[in-house]
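Chemist: sequence and predicted structure below; questions after.
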Amino acid sequence: EAGVTQFPSHSVIEKGQTVTLRCDPISGHDNLYWYRRVMGKEIKFLLHFVKESKQDESGMPNNRFLAERTGGTYSTLKVQPAELEDSGVYFCASSPYRGAYNEQFFGPGTRLTVL
Amino acid sequence: AQSVAQPEDQVNVAEGNPLTVKCTYSVSGNPYLFWYVQYPNRGLQFLLKYITGDNLVKGSYGFEAEFNKSQTSFHLKKPSALVSDSALYFCAVRDAGGKLIFGQGTELSVKP
């Protein structure tokens, strides 16, 4: 079974540019989460999809961040325009809908550097 | 608000010795606790979880964790450390909505 995949693995952009991160969850997993680790600090929640619906987007830092999950499969996270403080590692995770206490399966992350 | 603390940024252990990576939590209600490990250039891998039941939870790669309600702790342990255990370890608590709240992470270094 394929795990959670993320693309790209690394992205280096200049301040003011736009970047789009992609996450492909494990097939059949309805729950999809985005997290971020900035500057070696703790991993922080960004948002949670159940299928194509945003269940919780309380962790999104501001309106420069836009997440979508069309069709309830893969998800994209767009940062526009990027700022220096957006640099960090962005993780995606998925879990099945049933089994509220299942562990989340994480992708390898996308390392974003904003110069 | 729920929170997790990992009081040690780094833990150094000699190979073959027991290891402990500490985690304390603050939650309202029953805690659902997780440990994840991140090897260099890899994503987070699930190690073990506590939902209910036995306070000693066994997980992957020989790791175990002890849930202590009175001390609000969920320390990760292994009886005999391997050099290959060197990695970044994260403790997390699941909130009511399903998201994970992570600690700061602890860098484990096991030397031969």
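Modeler: Thanks, I have the structure now.

Chemist: so residue 93, which of the three states?
Modeler: Since no chain was named, I'll use chain A. Remark: residue A:93 carries the secondary structure label strand [criterion: DSSP: H, G, I helix; E, B strand; the rest coil].

Chemist: so how many other residues sit close to the closest residue to it other than its chain neighbours?
Modeler: Spatial nearest neighbour of residue A:93, excluding adjacent residues (C-beta to C-beta, 6 or more residues apart in numbering or on different chains): residue A:104 at 4.0 Å. Backbone N, C-alpha and C define where each C-beta goes, glycine included. For residue A:104, the count of nearby residues is 26 (other C-beta atoms under 10 Å in any protein chain shown).

Chemist: thought residue A:94 was touching residue A:104, still the case?
Modeler: Yes. The pair residue A:104 / residue A:94 is scored as a contact, 6.8 Å apart, by C-beta atoms under 8 Å.

Chemist: how about the strands of the chain, start to end?
Modeler: Here I'm looking at chain A. Taking DSSP state E as the criterion, chain A carries its strands at A:5-7, A:10-13, A:19-24, A:31-37, A:43-50, A:53-56, A:65-68, A:75-79, A:88-95, A:105-106, A:110-114.

Chemist: think we crossed wires, I meant chain B
Modeler: Counting by DSSP E, residue ranges of the strands within chain B are B:3-5, B:10-14, B:19-21, B:24-26, B:33-38, B:44-50, B:56-58, B:64-68, B:73-78, B:87-94, B:100-102, B:106-111.
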